[in-house]
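In: Any chance you can model this:
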Amino acid sequence: MGPGTGPEPVVSMEGIVKVYRDGTVALRGVDFSVLPGEIHGLLGENGAGKTTLMRILYGELRPTSGRVLVGGREASPRGPWEALESGIGMVHQHFTLIPVFTVMENLSMVIPGGSLSRIGDPAVREKAEEIMGELGLPVPLDARVEDLPVGIRQRVEILKALMRDVRVLILDEPTSVLTPLEVRELFSLLGRLRERGVTVIFISHKLREVMGITDRVTVLRRGRVVGTVRTGDVTESDLARMMVGREVEMEIERRPPSPGGVLLSVEGLWVRGEEGGWAVRGVDLEVRSGEVLGVAGVAGNGQRELVEAITGLRRADRGRVLIAGREMTNSPPRELYRAGLAHVPEDRQGVGLIMDFSVAENSVLGIHDGPPFSGRWVMRWDTVRERAAEIVRRFSVVVPGLDAPARHLSGGNQQKLIVGREIMKGGKVIVADQPTHGLDVAATEYIRRLLLEERDRGAAVLLVSTDLDEILQISDRVVVMYEGRIVGGGRPEELTEERLGLLMGGAAG
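Out: Model prediction:
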């Protein structure tokens, strides 16, 4: 059951303004409140101010102005310790556990008066077991955190907060590292927490999840509250319109594919990760002209290293990469571009763009050192600007001007600039790595349509994404990576969410 209309808010935030030292205004007079025992969604695109608002509630940031009330009393916490004392806990996207400690050691550190000297305290173990039993929250208390799967580590973070008897639990993008089955288990747990009277604030940009778990939703856009609504009174399209300020077409029509010859072939590829161990273990895959091959999986299972080896950013130790039948293994990016490869990287600011370069300069990166953009060591700036203007016009990139630095563009427009640049190269093969991560629903829909248009013109598209909705929406075939290997796959219409979840968790071959 959802909350009634009678109770006083357990937390109220009034007129919250946050201006950073560099002058960035993150929050512009936000009013936000949550009721006892509700699951309250906080929805908005990246940069809307969701996490900033919750870090203020949790005491990690101080507001420039405004006040926080807990149980009707002013209580702006000066740090997380004060937030915990007032009954507010937070589970961050990036966990704060000590990996080499056991679960019990981590729990012993956070209880009031906690220290390593209390590791053997039977009262700590008793309390943990009591909470786990009440909530159906199984956690191996004596296991080292570093040996646990991501989903279990998240349970430990939640258990850690509940050991402090929190009344309000903030979860920041909690499903971004989980398989579909783990998401379902998390949602069941949140339902049990609600029944126990705990208020949950669920930060997300995923409309379907917010619709599926929350009682009410507050939508932020550019640091302001657009509105707070009862979830049962709105549709996904309503929330999308609130997020971006205009109508958004939620469905993308995908015509049947007409695959041709193999344009990208990966054969027995082995690639090492940052720590020297194998990140990619004997991967084989093929992508044909006129099709999208989706690579699904929980982040950290070798997808990044696979993409980097294909695109010349990381050395492959064994195996081959072929483009249109031509071996290009360990070729530098410049040669790969010339062979017909286009690359939309995961890290748009670190790899895709040079942030201090202008829109015009970024529009020809990778092909700037040859005709028609340069000759005899001289850049032909008129031609560069013509290409930039064409990209801006054709791909609806909103820019202050062609000479504006890339850092002055919003995240969505930075991504449109990259995608436009890569598509304009006319490549036979497009490798798109997390192409819509962190974008609002309008930019997401636009870029997915572009990738399908490229497929329809005959390109081979390799789509690597941790967003299952994206994989299933635009892929013609899907493979799943787990611990560096391809563990299964099929056509989207053949793959149930349960089957995909098992594959992503390594529980099925």
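
In: gap between the residue of the chain lying at maximal distance from its centre and residue 11?
Out: Distance from the C-alpha centroid of the chain, by CA atoms, centre = their mean, peaks at residue 376 (43.3 Å). According to CB to CB, to the nearest Å, residue 376 and residue 11 sit 66 Å apart. Any C-beta I mention is one placed from the backbone N, CA and C, and that applies to glycine too.

In: Residue 443 now?
Out: 32 Å.

In: name the element residue 281 belongs to?
Out: Element membership of residue 281, judged by DSSP states H and E, is strand 278-288.

In: Just list what that strand packs against, helices and strands only.
Out: For strand 278-288, the packing partners by 3 or more CB pairs under 8 Å, 6 or more residues apart in numbering; DSSP states H and E come out as strand 262-272, strand 291-296, helix 303-310, strand 316-323, strand 460-464, strand 485-490.

In: Isn't residue 318 up against residue 268?
Out: Yes - shown here, residue 318 and residue 268 form a contact pair, counting by CB atoms under 8 Å, at 6.4 Å.

In: excluding its backbone neighbours, what's nearest residue 178?
Out: residue 151 (5.5 Å; CB to CB, 6 or more residues apart in numbering).

In: In three-state terms, label that neighbour for me.
Out: Under DSSP: H, G, I helix; E, B strand; the rest coil, the three-state class of residue 151 is helix.

In: Would you mind listing the residues in contact with it?
Out: 177-179, 182, 185-186, 505 (CB atoms under 8 Å, 6 or more residues apart in numbering).

In: And it, how far from residue 210?
Out: Computed as CB to CB, the residue 151 to residue 210 distance reads 20 Å.

In: thinking again about what came up before, out of the helices and strands packed on strand 278-288, nearest to residue 23?
Out: Ranking these by proximity to residue 23 (CB to CB) places helix 303-310 first, at 33.7 Å.

In: So which elements touch that closest one?
Out: Partner elements for helix 303-310 (3+ CB pairs under 8 Å, 6+ apart): strand 262-272, strand 278-288, strand 316-323, strand 429-433, strand 460-464.

In: residues in contact with that helix?
Out: In contact with helix 303-310 (CB under 8 Å, 6+ apart) are residues 264, 266, 269, 271-273, 279-280, 283, 295, 297, 313-316, 321, 341, 343, 345-346, 431, 433, 462, 464, 466, 481, 484.

In: Weed out the non-buried ones from the residues you listed.
Out: Neighbour counting with 16 or more other CB atoms under 10 Å marks 264, 266, 269, 271-272, 279-280, 283, 295, 297, 313-314, 316, 321, 341, 343, 345-346, 431, 433, 462, 464, 466, 481, 484 as buried within the contacts of helix 303-310.

In: where are the low-confidence patches of the stretch 51-200 of the chain?
Out: Within the stretch 51-200 of the chain, the segments meeting pLDDT under 70 span 113-120.

In: Listing partners with orientation, what would you give for the helix or strand of the chain with the lowest mean pLDDT?
Out: Among the helices and strands of the chain, strand 374-375 carries the lowest confidence by mean pLDDT, DSSP states H and E, at a mean of 77. Using DSSP bridges, strand 374-375 pairs in its sheet with strand 378-379 (antiparallel).

In: pLDDT of the partner strand, averaged?
Out: Confidence for strand 378-379, expressed as mean pLDDT, is 82.

In: Repeat that for stretch 383-400.
Out: So the average pLDDT for stretch 383-400 ends up being 91.

In: measure the residue lying closest to residue 406 once chain neighbours are set aside to residue 405 for me?
Out: Spatial nearest neighbour of residue 406, excluding adjacent residues (CB to CB, 6+ apart): residue 353 at 4.6 Å. Computed as CB to CB, the residue 353 to residue 405 distance reads 10 Å.

In: what does residue 183 give?
Out: Residue 183 sits at a distance of 38 Å from residue 405 (criterion: CB to CB).

In: Those two: who's more crowded?
Out: residue 183 (20 against 16; other CB atoms under 10 Å).

In: so that one sits right up against residue 175, yeah?
Out: Yes - counting by CB under 8 Å, residue 183 does reach residue 175; the two are 4.9 Å apart.

In: quick one, phi/psi of residue 56?
Out: phi -70, psi -40 (degrees, to the nearest 10).

In: what's the burial count for it?
Out: Residue 56 has 26 neighbours, counted by other CB under 10 Å.

In: Check the one 4 residues further on too.
Out: Counted with other CB under 10 Å, residues neighbouring residue 60 total 16.

In: For it, which non-adjacent residue is spatially closest?
Out: residue 80 (6.2 Å).

In: Can you tell me how far the one you found is from residue 355?
Out: Distance from residue 80 to residue 355, by CB to CB: 32 Å.

In: Please apply the same query to residue 319.
Out: Residue 319 sits 34 Å away from residue 355, going by CB to CB.

In: Repeat that for residue 38.
Out: 41 Å.

In: Compare the two and say which is more crowded by neighbours.
Out: residue 38 (21 against 15).

In: give me the element the nearest residue to residue 218 once chain neighbours are set aside is part of.
Out: Nearest residue to residue 218 in three dimensions, chain neighbours excluded: residue 228, at 4.5 Å (CB to CB, 6+ apart). Assigned by DSSP H and E, residue 228 belongs to strand 224-230.

In: What lies in contact with that strand?
Out: By CB under 8 Å, 6+ apart, the surrounding residues in contact with strand 224-230 are 2, 28-32, 49, 215-220, 238-239, 242-243.

In: Buried by neighbour count, from these: which ones?
Out: Here, 16+ other CB under 10 Å leaves 28, 30, 32, 49, 215-220, 238-239, 242-243 buried among the contacts of strand 224-230.

In: Reformat those as CSV; add distance to residue 392, pLDDT and secondary structure.
Out: Converted to CSV, these look like this (distance: CB to CB, whole Å; pLDDT from 0 to 100; DSSP: H, G, I helix; E, B strand; the rest coil):
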residue, distance to residue 392, pLDDT, secondary structure
28, 29, 95, strand
30, 33, 97, strand
32, 37, 97, strand
49, 28, 88, coil
215, 43, 97, coil
216, 40, 98, strand
217, 34, 97, strand
218, 34, 97, strand
219, 29, 95, strand
220, 28, 93, strand
238, 31, 92, helix
239, 30, 92, helix
242, 28, 90, helix
243, 24, 86, helix
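
In: That'll do, ta.
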